[in-house]
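> Sharing a sequence plus its predicted fold:
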Amino acid sequence: MDTALLIWKRVVSWNGIFENIISDRDFKFTSALWKNLHQLFGTKSSFSSAYHPQTNDLAEGMIQTLEDMVRRFCAYGLELNYCNGFTHYWCTLLPELELACKISIHASTNKIPAILEKGWNPRLPQDSLGKDLVEIHPTASSLKGILDKSRKHAVRCMEDSFAYAKDKFEKSHAIPDFKVGDLVLVSTIKLNNIKGCKILNYSFKGPFFIKPLHGEKSC
């Protein structure tokens, strides 16, 4: 029931009902309630398979990037408290981080998410502030400074996270330079025919001789 309410609050109320929803095989998405909801909404339910980059690999990569963004940004710990000055409560920083993420160009689409979602780029506080104002209340001026500083820091954290994720991806997805006759080790992560406990077994098997090469990324 919690999953259904979450879908209603965070998906349907924002974007309407989708024609197809792709999810993993978690028990929440294979339950009878979830199947009945799809029947009521007329939505097709599709499941992603393990190690399938065409479905949820990009989403999983984005989630890891978001986690790194939140970790970096929330360490900043900036919140205005009228009684005690600045305090450190990370939950209050999430709206600034969300805004920075929505108005920044993403490498996967070369577009701003806000434009793709709504069709326009949202106005920022500095865009709306009148330049001909003679007197500005000190609190308003201080709040604007905090928002600007927080937004700029969020953008820097996001850029650092994207650069870190890109570097990590390139290191783990480097094109191998294999040749016929080379000795290689084979990872046992995806092997299901290994006897005994996987935790206590070898992480790699081999070495094995390479006989033929298959695929463009094998050499």
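Looks like it arrived, so ask away. Predicted model, so just to flag it, every value in this text is computed and none were measured.
> give the contact list for the closest residue to A114 other than its chain neighbours.
In this structure, A114 finds its nearest non-sequential neighbour in K102, 4.4 Å apart by CB to CB, 6 or more residues apart in numbering. For glycine as for every other residue, the C-beta is placed from the backbone atoms N, C-alpha and C. Contact partners of K102, counting by CB atoms under 8 Å, 6 or more residues apart in numbering, are I112, P113, A114, E117, P122.
> K179 reaches I210, doesn't it?
Yes - assessed by CB atoms under 8 Å, K179 is found in contact with I210 at 7.0 Å.
> for the helix or strand harbouring V184, what is the average pLDDT?
Per DSSP states H and E: V184 is located in strand 183-187. The average pLDDT within strand 183-187 is 86.
> again, but for stretch 166-177
Mean pLDDT, computed over stretch 166-177, is 74.
> Next, the distance between the ends of it.
Terminal residues of stretch 166-177 lie 21 Å apart, using CA to CA, to the nearest Å.
> what domains does the record give for the protein?
Domain assignment of the chain by automatic domain parsing yields the ranges 1-47, 56-128+135-174, 183-218.
> For those domains, state which one has the densest average packing.
Ranked by mean neighbour count under mean count of other CB atoms under 10 Å, the domains of the chain are led by domain 56-128+135-174, which reaches a mean of 14.
> circling back to that earlier point, and the strand holding V184, what does it pack against?
In terms of contacts (3 or more CB pairs under 8 Å, 6 or more residues apart in numbering; DSSP states H and E), strand 183-187 is packed against strand 204-209.
> got the angle between the strand it packs on and strand 183-187?
Inter-element angle recorded for strand 204-209 and strand 183-187: 150 degrees (by axes from the mean of the first three to the mean of the last three CA atoms, to 10 degrees).
> Let me see the mean pLDDT of strand 204-209.
Mean pLDDT, computed over strand 204-209, is 85.
> Return the list of strands paired to that strand, each annotated with direction.
strand 183-187 (antiparallel) (DSSP bridges).
> Identify all contacting residues around the partner strand.
With contacts defined as CB under 8 Å, 6+ apart, strand 183-187 is touched by F178, S203, F204, K205, G206, P207, F208, F209, I210.
> try stretch 26-42
Stretch 26-42 is contacted by residues M1, T3, A4, I7, I17, I21, S23, T43, K44, S45, F47 when judged by CB under 8 Å, 6+ apart.
> Might you specify the subset of these located within strands?
The strands, defined by DSSP state E, take in I21, S23, K44, S45, F47 from the contacts of stretch 26-42.
> Please name the residues that touch the second one.
Under the criterion of CB under 8 Å, 6+ apart, the neighbours of S23 are F29, S45, S46, F47, S48.
> Then the third one?
Remark: with contacts taken as CB under 8 Å, 6+ apart, K44 is in contact with E19, N20, I21, H38.
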